[in-house]
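[1] sequence first, predicted model second:
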Amino acid sequence: MLPSVLIVDDEKHTREGLRQALEDSYDVAVAASADEAFNLLDAQPFDAVLTDLRMPGKSGLKVIDKALALPQRPAVIMMTAYGNIDTAVDAMKRGAVDFLTKPVNLERLEVLLQRALKTKTLEVEVKQLHQRLDTKFSFSGIIGHSAGLHRLTEQVRLVAPSKATILLEGESGTGKELIAQAVHQVSPRSRGSFVAVHCAALSENLLESELFGHERGAFTGATERRVGRFEMADGGTLFLDEIGEITASTQVKLLRFLETRTIERVGGTKPISLDVRLVAATNRNLERMVAEGKFREDLFFRLNVVRLVMPPLRDRADDIPLLLAHYLKHFAKENSTPPPNLEAGALRTLCSYRWPGNIRELRNFCENAVVMFRGNKLTEYDLDPRYRENAPWPASDIPAGTSGADSAAPAGRGRALALPGPAAASLSVAENEKRLLREALHKARGNRTEAAKLMGLSRRTLHRKIAQWPELDTLD
């Protein structure tokens with residue numbers, strides 16, 4: 001089936017000439033006005049629209065607006081004999097993929113059409129892939145499918161049904177609270193409360209009162225009895241973030257709870273029995289703190305029943321494109337604005353950046369990009385210079401068979417996602433899809449029909465994908 005193209009131009013000689021030039025490779029329809037184009041766009045989907053700017057009645061900019069408001073958005077190319085930079089910028093802001101001046105250079109038009117159609121195909125594949133990834137690899141807001149994250153989520157599923165205390169370790173901003181929520185979500189306690197306390201944000205006295213509650217008159221200002229977070233979490237999960245920051249006296253009370261499953265309110269004497277699952281998190285080395293006498297060894301052993309280690313974002317390079325797409329879409333919806341499209345150069349640059357602030361930093365980048373950036377496409381030159389300090393190296397420098405966190409970076413470079421090739425807007429997505437196909441074939445033990453079902457593809461499409469990546473054929 002040939003790609004479909006709609007040509008909109010009030011000059012009969014131009015539109016018929018373009019029809020004759022393209023009809024061997026495309027299914028071509030023509031319109032002599034914007035209104036005629038609107039009727040055709042409502043009647044059938046088109047893969048691409050080539051529209052003149054100045055026409056009697058509505059202008060070509062209205063055609064762009066109409067085409068890009070459709071559920072199946074075509075790629076749009078603007079052409080005009082009155083080309084100027086302001087018009088080009090306006091057309092691109094509205095969503096046109098490129099701009100041509102008359103008389104149209106047919107060779108350049110063919111290149112632009114092929115590039116636009118390839119981008120449109122990739123966008124559809126990205127959407128489908130994201131839907132599959134959301135179903136297969138994401139729960140409780142956890143996004144990604146890198147090996148490290150996959151191991152972590154499998155560990156969560158294993159430990160969640162138990163009553164074991166969990167210690168989450170990892171750098172700041174890696175998403176420890178999301179993992180704690182995931183433990184709660186897939187556990188038998190999911191109908192109970194999930195209560196989070198950030199220990200470093202409270203002074204010693206406030207933290208003890210916040211955790212264990214207090215009786216009336218326990219201290220100045222305690223004018224009434226207060227229930228603490230432990231009691232709020234009864235039957236559910238209590239998440240203590242930055243556990244390494246609690247003082248010695250709070251450590252003693254926490255140890256007592258873990259040994260007896262009871263607490264006493266500040267100023268009280270009556271033990272209160274509770275059924276609480278404890279998940280603690282830290283970005284500090286508790287074993288070193290134990291050796292330095294800054295953390296109780298017996299408490300460390302009580303907390304460290306199950307240890308889960310959060311991978312830093314620099315070791316999850318394969319997940320960066322998905323995280324960027326998710327948060328750009330999230331903040332765009334929150335601010336009622338279209339999300340900026342990341343060009344290949346910007347995506348490669350962001351994938352090679354080490355993200356010392358991890359997911360929290362990436363999330364802040366996306367919010368800033370949505371709020372501050374004005375335009376349809378975000379290029380690497382629109383990025384703050386700090387993101388370009390670890391620019392991605394050429395694909396030829398990356399060892400064969402490696403990508404992302406598994407790649408060995410040349411000296412002085414940061415780790416980068418392998419994104420070879422200069423043109424495609426989302427080559428990282430192709431790599432993601434190849435990984436999914438590899439996993440599906442592995443799980444199906446080489447049975448292509450079963451692998452196609454796992455991927456939600458037809459067997460014919462699966463064969464085409466395997467032909468695209470011959471190395472997958474060895475999994476049969």
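    Here it is on my side, so go on.
[2] tell me, how many residues neighbour the closest residue in space to residue 187 that isn't next to it in sequence?
    Computed as C-beta to C-beta, 6 or more residues apart in numbering, the closest residue to residue 187 that is not its neighbour in sequence is residue 160, at 4.2 Å. All C-beta spots, glycine's among them, are computed from the backbone N, C-alpha and C. Using other C-beta atoms under 10 Å, residue 160 is surrounded by 20 other residues.
[3] from residue 178, how far off is the spatially closest residue to residue 312 that is not a sequence neighbour?
    When the adjacent residues along the chain are set aside, residue 312 lies closest to residue 171, with 5.1 Å between them (C-beta to C-beta, 6+ apart). Going from residue 171 to residue 178 by C-beta to C-beta, to the nearest Å gives 14 Å.
[4] give the contact list for the nearest residue to residue 159 once chain neighbours are set aside.
    In space, not counting the residues next to it along the chain, residue 159 is nearest to residue 306; the distance is 5.1 Å by C-beta to C-beta, 6+ apart. If you count contacts by C-beta atoms under 8 Å, 6 or more residues apart in numbering, residue 306 has them with 155, 159, 162, 164, 165, 166, 167.
[5] tell me the pLDDT of residue 306.
    With respect to pLDDT, residue 306 has a value of 97.
[6] what sits opposite it in the beta ladder?
    Beta-bridge pairing of residue 306, defined through DSSP bridges, involves residue 166.
[7] any regions of the chain where pLDDT drops low?
    Within the chain, the stretches with pLDDT under 70 are 1, 82-85, 88, 124-141, 389-433, 456, 470-476.
[8] related to what we said a few turns ago, how about the residue nearest to residue 312, secondary structure?
    coil (DSSP: H, G, I helix; E, B strand; the rest coil).
[9] residues touching it, list them.
    Remark: with contacts taken as C-beta under 8 Å, 6+ apart, residue 171 is in contact with 283, 310, 312, 358.
[10] and the gap between the second one and residue 164?
    Put plainly, it is residue 310. Following C-beta to C-beta, the distance that separates residue 310 from residue 164 is 18 Å.
[11] the nearest residue in space to residue 259 that is not next to it in sequence: neighbour count?
    Counting by C-beta to C-beta, 6+ apart, the nearest residue to residue 259 once its immediate chain neighbours are dropped is residue 302, at 7.2 Å. Here the count is done by other C-beta under 10 Å, and residue 302 has 18 residues near it.
[12] is it correct that residue 302 falls within a helix?
    Yes. Read with three-state DSSP, residue 302 is one of the residues of a helix.
[13] break this protein down into its structural domains.
    4-121, 161-310, 314-428 (automatic domain parsing).
[14] quick one, helices of the stretch 151-300 of the chain?
    Counting by DSSP state H, counting those that start in this stretch, residue ranges of the helices within the stretch 151-300 of the chain are 176-185, 204-212, 229-232, 248-260, 286-291, 297-303.
[15] for the residue nearest the centre of the chain, give its distance to residue 146.
    When C-alpha atoms, centre = their mean is applied to the chain, the residue found nearest the centroid is residue 323 (1.7 Å). Counting by C-beta to C-beta, the gap between residue 323 and residue 146 amounts to 10 Å.
[16] likewise for residue 444?
    Relative to residue 146, residue 444 is positioned 22 Å away (criterion: C-beta to C-beta).
[17] equivalent analysis for residue 119, please.
    Distance, residue 119 to residue 146, by C-beta to C-beta: 26 Å.
[18] before we move on, back to that, how about CSV for the helices of the stretch 151-300 of the chain, with distance to residue 20 added?
    Rendered in CSV, the data for the helices of the stretch 151-300 of the chain read as follows (distance: least, C-beta to C-beta, whole Å):
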stretch, distance to residue 20
helix 176-185, 57
helix 204-212, 77
helix 229-232, 74
helix 248-260, 80
helix 286-291, 75
helix 297-303, 76
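[19] and these, which is most packed in?
    Comparing the helices of the stretch 151-300 of the chain by mean neighbour count (mean count of other C-beta atoms under 10 Å), helix 176-185 comes out on top with a mean of 22.
[20] ok, and what's touching that one?
    Contacts to helix 176-185, defined as C-beta under 8 Å, 6+ apart, come from residues 139-142, 152-153, 156, 159-160, 166, 168, 170, 190, 192, 194, 196, 236-237, 239, 241, 277, 279, 281, 308, 310.
[21] higher neighbour count, residue 119 and residue 146?
    Counted by other C-beta under 10 Å, residue 119 and residue 146 do not tie: residue 146 has more neighbours, with 23 against 17.
[22] circling back: take the domains of the chain and lay them out in TSV including distance to residue 467.
    What follows is the domains of the chain, written out as TSV (distance: least, C-beta to C-beta, whole Å):
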stretch	distance to residue 467
domain 4-121	16
domain 161-310	38
domain 314-428	18
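[23] closest one to residue 459 among those domains?
    The minimum distance between residue 459 and the domains of the chain falls on domain 4-121, with 20.1 Å, by C-beta to C-beta.
[24] distance from the chain centre to the closest one, please.
    The chain centroid and the centroid of domain 4-121 are separated by 32 Å, computed with C-alpha atoms, centre = their mean, to the nearest Å.
[25] also stretch 462-472?
    26 Å.
[26] output it as PDB, restricted to C-alpha atoms.
    Extracted C-alpha coordinates of stretch 462-472, given in PDB (Å, rounded to 0.1, in the frame of the first residue of the first chain):
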ATOM      1  CA  LEU A 462       7.500 -10.200  13.800                       C
ATOM      2  CA  HIS A 463       9.200 -11.800  10.800                       C
ATOM      3  CA  ARG A 464       9.800  -8.300   9.400                       C
ATOM      4  CA  LYS A 465      11.300  -7.100  12.600                       C
ATOM      5  CA  ILE A 466      13.600 -10.200  12.800                       C
ATOM      6  CA  ALA A 467      14.700  -9.600   9.200                       C
ATOM      7  CA  GLN A 468      15.500  -6.000  10.300                       C
ATOM      8  CA  TRP A 469      17.700  -7.300  13.100                       C
ATOM      9  CA  PRO A 470      19.300 -10.600  11.900                       C
ATOM     10  CA  GLU A 471      21.000 -11.200  15.200                       C
ATOM     11  CA  LEU A 472      17.600 -12.000  16.700                       C
END
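[27] contacts for that stretch, please.
    Contacts to stretch 462-472, defined as C-beta under 8 Å, 6+ apart, come from residues 433, 434, 437, 438, 441, 448, 451, 452, 455, 457, 473.
[28] same question for stretch 361-369.
    Stretch 361-369 is contacted from outside by 173, 313, 320, 323-324, 327-328, 330-331, 340, 350, 355, 357, 378, 387, using C-beta under 8 Å, 6+ apart.
[29] what strand or helix carries residue 328?
    Counting by DSSP states H and E, the element that carries residue 328 is helix 320-334.
[30] now do the buried residues in that helix.
    Neighbour-count burial for helix 320-334 flags 320, 321, 322, 323, 324, 325, 326, 327, 328, 331, 332 (criterion: 16 or more other C-beta atoms under 10 Å).
[31] pull the number of nearby residues for the closest residue in space to the third one that isn't next to it in sequence.
    In this case it means residue 322. The spatially closest residue to residue 322, leaving aside those adjacent along the chain, is residue 143, at 5.4 Å (C-beta to C-beta, 6+ apart). Under the neighbour criterion other C-beta under 10 Å, residue 143 is assigned a count of 20.
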